[in-house]
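**Student:** Here is my input, please return the structure:
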Amino acid sequence: VLAFSSVEADAQFRGKGLSANYGSTDFNDFQDEVVTLCEDRTPNEYFRLTIEGDCRSVVRCDKAGIAGTIRLAKVKCPSGLAFDLERQTCDWKASVNNCDRLSKPRLAKPNLHTVEPVCPDGQLQCGSGECIAREFFCNSRDDCQDGSDENVCRGDEDPNKSDVCNPAECFLPD
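**Tutor:** Numbers count the residues shown, from 1 in each chain. Below is the predicted model:
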């Protein structure tokens, strides 16, 4: 259960940028830093602006209007509940053990799309820089030093996914 509400920040932090706003729970104090805060986050990922307080308030990045201006959408759990970053939902305060973190851990991503090739044919670059064979991606084993070969295995990200089949040209075997 999520509820929207507003929270006030200390006046001393207003409009002074991200580092000065540490501890603030007023997302308006972070508007200048929204692009940085939202970089590499999925559209539905909630995160905290501070670990101070009761662990109820979180924000997510939201594109608004035709221009797609990025803003922070704020959510606050009802009294007695806290926001669980791992499960991305409100839960009983006693059940939430990540109130000391600002966001979910970031998974390393491989460098799959480059202007110039960085690896020999048939290989792709891991997030940590080394090149491994394409078939080692999404094989349920961490082959990259940083494990990035197993972090792009959903939907359109998988480098070994099958080509999209045109129903007029493709036929399934009997």
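**Student:** Let me see the ranges of the strands in the chain.
**Tutor:** Remark: strands assigned in the chain by DSSP state E are 46-47, 57-64, 69-76, 81-84, 89-92, 123-125, 131-133.
**Student:** closest to residue 144 out of these?
**Tutor:** Counting by CB to CB, residue 144 lies closest to strand 131-133 out of the strands of the chain; the figure is 6.2 Å. For the C-beta atoms, the positions are set from N, CA and C on the backbone; glycine is no exception.
**Student:** quick one: contacts of that closest one?
**Tutor:** 118, 119, 120, 122, 123, 124, 125, 126, 143, 144, 149 (CB atoms under 8 Å, 6 or more residues apart in numbering).
**Student:** Adding neighbour count, write the residues you listed out as JSON lines.
**Tutor:** Listed next are these as JSON lines, based on neighbours: other CB atoms under 10 Å:
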{"residue": "118", "neighbour count": "12"}
{"residue": "119", "neighbour count": "16"}
{"residue": "120", "neighbour count": "8"}
{"residue": "122", "neighbour count": "10"}
{"residue": "123", "neighbour count": "17"}
{"residue": "124", "neighbour count": "24"}
{"residue": "125", "neighbour count": "19"}
{"residue": "126", "neighbour count": "25"}
{"residue": "143", "neighbour count": "16"}
{"residue": "144", "neighbour count": "22"}
{"residue": "149", "neighbour count": "26"}
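**Student:** count of residues packed around residue 37?
**Tutor:** Residue crowding around residue 37 was assessed by other CB atoms under 10 Å; the count is 19.
**Student:** And it, how close does it get to residue 77?
**Tutor:** Using CB to CB, to the nearest Å, residue 37 is found at 20 Å from residue 77.
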